[in-house]
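> using only what follows, build the 3D model:
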Amino acid sequence: MFGGALPTMSNDAKRATAWADYGYPEVLEFDSFHSMFKRNGIARAGVMRHVEKTWETNPWIVEGMEGDKPHKETKREREIARVLKQLSFWNRLQAADWRGRVGRYSALYLVFDDGIHPSRPVTQPVKLLKMQPLFEAQLEPLEFEQDATSPEYGNPVSYQFTPQAVHAGRDERQSLTIHADRVHIIAEGADDDTIYGIPANEAGFNDLLTIEKIVGAGGEGFWKTARGAFSLHSTGKDGIDVQGLAQMFGVEVDQVADKLNETAADLSAGMDKLLMLGDMEAKALAYSLPSPEHFFAVAMQSYAAGVSCPMPVLLGQQIAQRSSDENSREWAQTNMTRRRRFAIPTVEKLVSKLMRFGALPAFEFYIGWDDLTDATFEEKLGNAKTMSEVNKAALGTGEPPAFTAEEIRDVAGYEGSPDTDDLDDDDVPEGDDDGEAADATTQQGTADADGAAAA
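Numbering: from 1, shown residues only. The predicted structure follows:
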């Protein structure tokens, strides 16, 4: 529950109850966002699209400082990669990421092997056994740091873990107190270092309700048009024979109206129902349904703006090629920014915490990640081909080549010149303290080059 939320019924000073008139809730709580995420496909896409693109590939831990000369994988990098793979580390982070976008924050419950009750802090080197991703409702703050001199002042020092808090038939009595040492919070939008981020669907929640109304009303209107609706009229000279209707239905006279309503409701519930008319006739009512496309598009555009996602990407559409390419480039840049400003700091904080507890080997590190804006392998080969054709045209006119062979190989995704790719180990300068040889590529660059060669 979002404690202390202020009711906001409208942003229109002239119509203070506008939101109530439109059917929009005054206060949004976690259950509001969770229900919308579970039952509305567009709301789900608004949460998942950023996460799916951000974690399209996994990052890796690099020993040293960012900006250092690239090197081959070191012994400690291999060791930490092995441990992270055993823990399904990146998958658990991705799972916590999208859970955090549903509400204000999510968490990873870190299960250690220290044999100490989870309510106590970590006081010895430990082994990490499991990371359990949790929704906001499953992990609520219990106690807060009261020391004003602490950098964690105002943040929780313990939480109440309720496993069944997001499941039907949940048992609120099943709960556990967990110390903050054993929790890693993920709160996108919490730039003030608190645990309270911004739900992905908060800005567009009203738009999602509008979309539900348009889609639901359109479906119901289509059903009624296809089924047909009727009005009943008396065919007798003396009006409706209420006594006759009562005898026909087998009820008292004062129950005739209720029986007619039941008959009409039964007719509307199915396509193959009969209507008992007696001395009445049924006349069809004509419906004129407005086209919903325009209203739907307006709400969708507003929602897409609220989640910072191009509408074709959000809906999985492919419109014109040029428009699609532009959306893809902009979308890749958006998620590269999300990686740099949110995902990487989140990973660094968690890895540092685990190193401090002895759950991971400790060393100076940074996070390596590929670039979502890089050209694809096919695009790289196309660029290299264009450069080769430019060189060929220059030679035909007697001019020197515009590009060197190394430049063309670099654009194609290969580094170095052809005559230096197969140097013996003795020809390569010595590297770090682990006896690893220095190399001109990072882990990901090597993988890309190997993949390109195999292709």
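> residue contacts, the residue nearest in space to the middle of the chain?
In the chain, the centroid-proximal residue (CA atoms, centre = their mean) is Met48; its distance is 2.4 Å. By CB atoms under 8 Å, 6 or more residues apart in numbering, the residues touching Met48 are Trp98. C-beta coordinates here come from the backbone N, C-alpha and C atoms, glycine included.
> would you verify that it is located in a helix?
Yes. The assignment for Met48 by DSSP: H, G, I helix; E, B strand; the rest coil puts it in a helix.
> and it, what's its pLDDT?
Predicted confidence (pLDDT) for Met48: 96.
> same check on Glu293?
Here, the pLDDT recorded for Glu293 equals 85.
> Phe230 too?
60.
> same question for Thr397.
83.
> state the distance from it to Ala190.
According to CB to CB, to the nearest Å, Thr397 and Ala190 sit 61 Å apart.
> between the two, which one's more packed in?
Ala190 (17 against 6; other CB atoms under 10 Å).
> just checking, that one is part of a strand?
No. If the criterion is three-state DSSP, then Ala190 is coil and not within a strand.
> distance from stretch 205-216 to the middle of the chain?
Distance of stretch 205-216 from its chain centroid, counting by CA atoms, centre = their mean, to the nearest Å, is 19 Å.
> now it: buried residues?
Buried residues in stretch 205-216, counted by 16 or more other CB atoms under 10 Å: Phe205, Asn206, Asp207, Leu208, Leu209, Thr210, Ile211, Glu212, Ile214, Val215.
> kindly report the same for stretch 190-198.
Applying 16+ other CB under 10 Å to stretch 190-198 flags Ala190, Ile195, Gly197, Ile198 as buried.
> which one of those is nearest to Ala20?
Ile198 (23.9 Å; CB to CB).
> from Glu202, how far out is the closest residue to that closest one other than its chain neighbours?
Using CB to CB, 6 or more residues apart in numbering and skipping the chain neighbours, the partner closest in space to Ile198 is Gly189 (3.4 Å). Note on Gly189: its distance to Glu202, by CB to CB, is 9 Å.
> same question for His294.
From His294 to Glu202 the distance is 26 Å (CB to CB).
> the helix or strand hosting Lys353 - contacts with which helices or strands?
Using DSSP states H and E, Lys353 sits within helix 344-356. Helix 344-356 sits against helix 89-102, strand 183-186, strand 365-368, with contacts defined as 3 or more CB pairs under 8 Å, 6 or more residues apart in numbering; DSSP states H and E.
> please identify the buried residues of it?
Ile344, Thr346, Val347, Leu350, Val351, Lys353, Leu354, Met355.
> so who does the fifth one touch?
Going back to what we said before, that points to Val351. Ile61, Leu360, Phe365, Ile367.
> helix, strand or coil for the nearest residue to the third one once chain neighbours are set aside?
What that stands for is Phe365. The spatial neighbour of Phe365 that comes closest, neighbours along the chain excluded (CB to CB, 6+ apart), is Ile61 at 5.2 Å. Here Ile61 takes the strand state, with states given by three-state DSSP.
> so what pairs up with Ile61 in the strands?
As for beta bridges, Ile61 partners with Ile367 under DSSP bridges.
> how near is it to Lys349?
Taking CB to CB, one finds Ile61 at 13 Å from Lys349.
> where's Ile211, which helix or strand?
Judged by DSSP H and E, Ile211 forms part of helix 205-227.
> buried ones only from the contacts of Val351, please, as a ChimeraX command.
This is the ChimeraX syntax for the buried subset of the contacts of Val351, where burial follows 16+ other CB under 10 Å:
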select :61,360,365,367
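> would CSV of the buried residues of stretch 205-216 with pLDDT and distance to Ala95 be doable?
Below are the buried residues of stretch 205-216 laid out as CSV (pLDDT from 0 to 100; distance: CB to CB, whole Å):
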residue, pLDDT, distance to Ala95
Phe205, 96, 23
Asn206, 95, 28
Asp207, 95, 27
Leu208, 96, 23
Leu209, 95, 27
Thr210, 94, 30
Ile211, 94, 27
Glu212, 93, 27
Ile214, 91, 32
Val215, 89, 29
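> can you give me the buried ones in stretch 127-138?
Leu128, Met131, Gln132, Pro133, Leu134, Phe135, Glu136, Ala137, Gln138.
> could I get the helices and strands packed on helix 344-356 as TSV with distance to Glu326 and mean pLDDT?
Shown next, in TSV, are the helices and strands packed on helix 344-356 (distance: least, CB to CB, whole Å; pLDDT from 0 to 100):
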stretch	distance to Glu326	mean pLDDT
helix 89-102	25	97
strand 183-186	31	96
strand 365-368	28	96
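> average model confidence for stretch 298-306?
Taken as a whole, stretch 298-306 has a mean pLDDT of 94.
> list the buried residues of that stretch.
Within stretch 298-306, the residues scored as buried using 16+ other CB under 10 Å are Ala299, Met300, Ser302, Tyr303, Ala304, Gly306.
> and the pLDDT for the residue lying closest to the second one once chain neighbours are set aside?
Using CB to CB, 6+ apart and skipping the chain neighbours, the partner closest in space to Met300 is Met311 (5.9 Å). As predicted, Met311 sits at a pLDDT of 89.
> repeat that for Asn327.
Looking at Asn327, its pLDDT reads 75.
> packing partners for the helix or strand it falls within?
Taking DSSP H and E as the definition, Asn327 sits inside helix 321-338. Secondary-structure packing of helix 321-338 (3+ CB pairs under 8 Å, 6+ apart): helix 41-54, helix 311-315.
> pop the domain breakdown of the protein in here.
Listed domain ranges for the chain are 18-25+48-200, 229-285 (source: automatic domain parsing).
> highest average neighbour count across the ones you listed?
Sort those by mean neighbour count, taking mean count of other CB atoms under 10 Å, and domain 18-25+48-200 sits at the top with a mean of 17.
> re the thing from before, so the helix holding Asn327 versus helix 344-356, what angle?
Angle of helix 321-338 versus helix 344-356, following axes from the mean of the first three to the mean of the last three CA atoms, to 10 degrees, is 40 degrees.
> just the buried residues of helix 321-338, please?
Under 16+ other CB under 10 Å, the buried positions of helix 321-338 are Asn327, Trp331, Ala332, Thr334, Asn335, Met336, Arg338.
> what's the angle from that helix to helix 41-54?
For helix 321-338 against helix 41-54, the angle between stretch directions is 70 degrees (the same axes, to 10 degrees).
> so what touches helix 321-338?
Residues contacting helix 321-338 (CB under 8 Å, 6+ apart): His50, Lys53, Thr54, Ser308, Cys309, Pro310, Pro312, Val313, Gln318, Asp371, Leu372, Thr373.
> what's the spacing between the nearest residue to Asp193 once chain neighbours are set aside and Val183?
Counting by CB to CB, 6+ apart, the nearest residue to Asp193 once its immediate chain neighbours are dropped is Asn155, at 7.6 Å. Distance of Asn155 to Val183, computed by CB to CB: 11 Å.
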